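A.B. asks: Got a predicted structure plus its sequence, pasted below:
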Amino acid sequence: MIETPSLVDQYCHGVLRTELGLGTFEAQLARTEGPPAPGTTLFDTQTGFAVRRWCPPLLGLEPHCPPARYLARRRELGVMEADRRLLRGSGITTYLVDAGLPGDLTGPEELASAAAADAHEIVRLELLAEQVADTSGTVESFLANLAEAVHGAAAHAVAFTSVAGVRHGLALAPEPPGPGEVRGAAARWLTGREVGGELSDPVLLRHLLWIAVASGRPLQLHAGLGEPGLRIDRTDPVLLTDFVRATAGLGTDLVLLHGYPYHRHAAHLAGVFPHVYADSGAALVRTGARAATVLAEILELAPFGKILFSSGAQGLPELHVVAARLFREALGRVLGTWVAEGAWSLGDAQRVAGMIAAGNAGRVYGLEEQVPARPAGNVSQLRPG
Amino acid sequence: MIETPSLVDQYCHGVLRTELGLGTFEAQLARTEGPPAPGTTLFDTQTGFAVRRWCPPLLGLEPHCPPARYLARRRELGVMEADRRLLRGSGITTYLVDAGLPGDLTGPEELASAAAADAHEIVRLELLAEQVADTSGTVESFLANLAEAVHGAAAHAVAFTSVAGVRHGLALAPEPPGPGEVRGAAARWLTGREVGGELSDPVLLRHLLWIAVASGRPLQLHAGLGEPGLRIDRTDPVLLTDFVRATAGLGTDLVLLHGYPYHRHAAHLAGVFPHVYADSGAALVRTGARAATVLAEILELAPFGKILFSSGAQGLPELHVVAARLFREALGRVLGTWVAEGAWSLGDAQRVAGMIAAGNAGRVYGLEEQVPARPAGNVSQLRPG
Amino acid sequence: MIETPSLVDQYCHGVLRTELGLGTFEAQLARTEGPPAPGTTLFDTQTGFAVRRWCPPLLGLEPHCPPARYLARRRELGVMEADRRLLRGSGITTYLVDAGLPGDLTGPEELASAAAADAHEIVRLELLAEQVADTSGTVESFLANLAEAVHGAAAHAVAFTSVAGVRHGLALAPEPPGPGEVRGAAARWLTGREVGGELSDPVLLRHLLWIAVASGRPLQLHAGLGEPGLRIDRTDPVLLTDFVRATAGLGTDLVLLHGYPYHRHAAHLAGVFPHVYADSGAALVRTGARAATVLAEILELAPFGKILFSSGAQGLPELHVVAARLFREALGRVLGTWVAEGAWSLGDAQRVAGMIAAGNAGRVYGLEEQVPARPAGNVSQLRPG
């Protein structure tokens, strides 16, 4: 009844290029601190059950078939063919890809080709800074190169993403750090750092956020579920409130990724601040059969024009599939129920479904194919900088 | 099946006296920091959809008709007639009205007349203090006049309300401030203040709370959703726990307004402390099609004799309508489902529905028409002071 | 459709041995700060309604009969017979009993006999420390006796439980306190203490946790709903994150009891850390008709091999009954719905139901009858110590 022909995955990663055994596949189903407890398996999770529901049919098997059988079939097809079938079966028409993860993952172009879909790049700020640090000799050159790198990335990427919440927590001072403060923090970081060293200094994380804000590109902020061992309350998006207020009116949109279990807080911020958007997808992969409820909780306070879909998938194309299928089914069920109850009209429900699945992302990220009313051409000119 | 013939709105405001255009009407649908984002409208929210569902039929239109058509019909009728039809169609039989908001809003008498219902006044403590400050020359006269004003208000108002949580956050020291502390804070505030200046000093906010508690009138405390740009965790009612414990046994009831998204916390406090009550209505206006779930979450821990209804409506009579309709439908659906499942008996469900809709409010606020078993007459004598 | 023939209550207390009047029975239905508000009764709560639904039929009455009639029937049967009928009607096959509460409550053996079920003892760490303090003359003897008492308890108890969260809050320093710190804290506590005095010193609470962890027995930590007047956010299990990380890999399992309203946080920790388990039962007694939703919220992030059932019941056998019936009905409804929707297979649902009802507890606590694959005999050898 409620159709979403286009589906923009506004935040995901690539998939692993290597063949996977049962154990290596299982390890990709969740982010944990250590192997499963004795007597338990990560297949016995909402994500595991959702993979077993949605993916076997795409490879010619029965839904809910045993993991070993599924993995055998996957190996039989080969990783390339399995990826192709899965990604093409997800229903995702556009992927926005954060390529800033370690591991042998496909990049945006490769993902687009396997999926027969569009793909665009999201630049991860912390990785960019680490790469610049690897090749800059002095504090001055580091800061100059960093500004240039962000500016350059803004010209080709559809968005920036920040894992400041994961690295330090979201309780960051809201205002931009002063130039002296930034130079001091950069000096300390560069001095103590080995090549490849991670950026977690709060002053530099804030500096990155603010130069990204200045670029005008949408800025995605990780919130809620992130690093498994981190105290999850340190990523409550409510902690971003003052930063959000400080960036209001500057012409740059902020997108709160994940959110769960604080997704009602993210939805609240999306309702209050014109430049804030809430993600509705990544949490669904984790909550599986509960996806409709989690989605409905986001739909409480977030205006319907401020909600975006993402898979947050990484490593396994199964996770892209599961996110997309759970999202579509949940959206259909939630909105369909409201139509059946008389709370919403069918026309409104169909319109809102299209907005959340693709229309809002098309507008926020300037994806021309999603916004046919806009002239084709130089997309970056369509957005204030 | 589950009827609630009486409905007491235990916290609301008046309605705007002026004709509204599409934009001014839309702006009343939500409390935001700035205008809607480009490409979005506040009609595309749960509140907007609920208004379009429930209100057009009261003005002779189809449910879910487009906003422009609804506004045209509203103007055709004129604001007076539209208000009259909407308020009378809400089903609310008694309004408790906080008249302490700026703007050209109807007062309790005018609201009662338009709605053909009862209305009583709630006095907003901070506004009272600001008014006293406007007309007091010295610290001593301010404090004496303030005590007298609260005492005087207690004689005619059904309740006090405090926005201390909105002005400062609910993490206030729980004990009453000492006299010297109060004088010092009053001196600082009055010195720096211009006529009309807002009260946000935490010592004076606490002083107000405690002189209100001493009056014996129920004290309503804003919690959860409040000022849009404020950090919402600063209004978590859990922060009131120590104040609640400090006021236990004094004979004054505390009513936690709104609560959402911390309504489970408010329900917990209502379950633990005999003098604490939880509001179940205002959150429904914001969450629309999700009202039944939000109401059910309050019904988890809050004893059924400790839950009250309110609309929290301001400006638009549509918001009173939506609150009342959503509440009645949600209550009927939630309790009706539990009866159908065998979890509750029908008799219990009907009794509880009447308590939450009107009976509890009648008892807490001494509204004689709600508590026919009590002798008519001087209502204030019925409550300990 | 979904059966759970065995049911392990992994955390409960005994029942009162005395006959109860209406008022004393009512007082056991909830934990509050003071008597019910005028005009209200604790029977008008989810727990009260659930008792009236499930218990009268076990005593030969109609469901939902009035409290006075139920109490009259209970007295007619006598407390021994009523206990017997109720406990045997609960469907619980094994009780793990924390006998460390004041009051005239039955111990594990007596409970097992009345219920015709198995029972095992859980040792409450703080009570153990208080008992040791009552009989130790010096700091040195106290600490030596305490170590010996914990070691001795580990030989016969199935688990330890800690109410550190209730006594102090869960924001405890994560590492073990140093020996000098422990001696200083013990000296201060023992000096100021009268016989029977409660332990709430955070250094000694941490010391207790760590000697319990060293024993290898599962350690149950109270979180969420606990002492009624306590600030509930101080028992948010997220506050345990650093302690959980500090105890990872030591071979001792941690079980987060209760959790509600922070049960999603508890489920998150159970998902991330191999040695963490989440309780799914006690919250159901408090939320009654909402049990299915609360259980479903736990099932979002917690792996299915990491969820345990408990009643948390104390004083009234009605609470054991209600916990067990609500749990079984909720589990059947939630998993049954997912099967009906195609999200889960029936076989998986049945398997997961058995795990949550009994299998997981059998594995975690080494209850041989729950784990038939293991050789009978010395259960404690089956677990690392």
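C.D. replies: Now that the structure is in, tell me what you want to look at. Remember, it's a predicted structure, so these values are computed and weren't measured experimentally.
A.B. asks: Can you check which strand is longest in chain A?
C.D. replies: Secondary structure assigned by DSSP state E gives strand A:118-124 as the longest strand of chain A.
A.B. asks: packing partners for it?
C.D. replies: strand A:94-98, helix A:108-115, strand A:159-162 (3 or more C-beta pairs under 8 Å, 6 or more residues apart in numbering or on different chains; DSSP states H and E). From N, CA and C alone the C-beta is placed, and that goes for glycine too.
A.B. asks: Buried deepest among those, which one?
C.D. replies: Burial of the helices and strands packed on strand A:118-124 is given as mean neighbour count (mean count of other C-beta atoms under 10 Å in any protein chain shown); strand A:94-98 ranks first at a mean of 26.
A.B. asks: Determine how far it lies from the middle of the whole chain.
C.D. replies: 8 Å (C-alpha atoms, centre = their mean, to the nearest Å).
A.B. asks: do the same with stretch A:208-227
C.D. replies: 11 Å.
A.B. asks: measure that stretch end to end?
C.D. replies: Stretch A:208-227 has an end-to-end distance of 20 Å (C-alpha to C-alpha, to the nearest Å).
A.B. asks: Ok, stretch A:146-166 next?
C.D. replies: OK, stretch A:146-166 end separation, C-alpha to C-alpha: 21 Å.
A.B. asks: does A:A267 really touch A:Y277, like I thought?
C.D. replies: No. The criterion here is C-beta atoms under 8 Å, and A:A267 misses it with A:Y277 at 10.2 Å.
A.B. asks: joint contacts of these two?
C.D. replies: A:I307 (C-beta atoms under 8 Å, 6 or more residues apart in numbering or on different chains).
A.B. asks: of the helices and strands packed on strand A:118-124, which approaches chain B most closely?
C.D. replies: Of all the helices and strands packed on strand A:118-124, it is strand A:159-162 that lies closest to chain B, at 16.0 Å by C-beta to the nearest C-beta.
A.B. asks: CA atoms of the closest one as PDB?
C.D. replies: Output of strand A:159-162 as PDB, limited to C-alpha atoms (Å, rounded to 0.1, in the frame of the first residue of the first chain):
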ATOM      1  CA  ALA A 159      28.900  15.300   3.500                       C
ATOM      2  CA  PHE A 160      31.300  15.200   6.300                       C
ATOM      3  CA  THR A 161      31.000  12.800   9.200                       C
ATOM      4  CA  SER A 162      32.400  13.100  12.700                       C
END
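A.B. asks: residues making contact with the next helix-or-strand element following that strand?
C.D. replies: Per DSSP states H and E, the first helix or strand lying C-terminal to strand A:159-162 is helix A:164-167. Outside helix A:164-167, the residues within contact range by C-beta under 8 Å, 6+ apart are A:126, A:170, A:172, A:198-200, A:202, A:205-206, A:208-209, A:221-223, A:226-227, A:230, A:234-235, A:239.
A.B. asks: same thing with stretch A:46-58?
C.D. replies: A:26, A:29-30, A:41-43, A:62-65, A:67, A:70, A:73, A:85-86, A:89, A:285-290, A:316, A:318-319, A:321-322, A:325-326, C:299-301, C:342-344, C:348.
A.B. asks: which of those residues are close to chain B?
C.D. replies: By C-beta under 8 Å from any C-beta of the partner chain, no member of these lies near chain B.
A.B. asks: Just to be sure, which of these are found in helices?
C.D. replies: The helices, defined by DSSP state H, take in A:26, A:67, A:70, A:73, A:85-86, A:89, A:285-287, A:318-319, A:321-322, A:325-326, C:299-301, C:348 from the contacts of stretch A:46-58.
A.B. asks: What helices and strands are in contact with the helix or strand following the longest strand of chain A?
C.D. replies: From strand A:118-124 onward toward the C-terminus, using DSSP H and E, the following helix or strand is helix A:125-135. When contacts are defined as 3+ C-beta pairs under 8 Å, 6+ apart, helix A:125-135 packs onto helix A:139-156, strand A:159-162, helix A:202-215.
A.B. asks: Pull helix A:125-135 out as PDB, backbone CA atoms only.
C.D. replies: The C-alpha coordinates for helix A:125-135 follow below in PDB (Å, rounded to 0.1, in the frame of the first residue of the first chain):
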ATOM      1  CA  LEU A 125      36.900  14.300   9.500                       C
ATOM      2  CA  GLU A 126      39.100  12.500  12.000                       C
ATOM      3  CA  LEU A 127      40.600  10.300   9.400                       C
ATOM      4  CA  LEU A 128      41.200  13.300   7.200                       C
ATOM      5  CA  ALA A 129      43.000  15.000  10.100                       C
ATOM      6  CA  GLU A 130      45.100  11.800  10.800                       C
ATOM      7  CA  GLN A 131      46.100  11.600   7.100                       C
ATOM      8  CA  VAL A 132      47.100  15.200   7.000                       C
ATOM      9  CA  ALA A 133      49.100  14.700  10.300                       C
ATOM     10  CA  ASP A 134      50.900  11.800   8.700                       C
ATOM     11  CA  THR A 135      52.300  14.100   6.000                       C
END
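A.B. asks: Can you tell me what sits against that helix?
C.D. replies: A:100, A:142, A:145-146, A:149-150, A:153, A:160-164, A:167, A:189-190, A:193, A:195-199, A:204-205, A:208-209, A:212.
A.B. asks: tell me which parts of the stretch 101-250 of chain A are close to chain C?
C.D. replies: So the stretch 101-250 of chain A meets chain C at A:L225, A:P228, A:G229, A:L230, A:R231, A:I232, A:D233 (C-beta under 8 Å from any C-beta).
A.B. asks: Ranking by neighbours, what's the top pick from those?
C.D. replies: Counting neighbours by other C-beta atoms under 10 Å in any protein chain shown, A:L225 comes out on top of those with 26 neighbours.
A.B. asks: how about the closest residue in space to that one that isn't next to it in sequence, what does it touch?
C.D. replies: Using C-beta to C-beta, 6 or more residues apart in numbering or on different chains and skipping residues adjacent in sequence, the residue nearest A:L225 is A:H258, 5.2 Å away. A:H258 is in contact with A:H222, A:A223, A:G224, A:L225, A:G226, A:D279, A:A282, A:A283, A:G312, counting by C-beta under 8 Å, 6+ apart.
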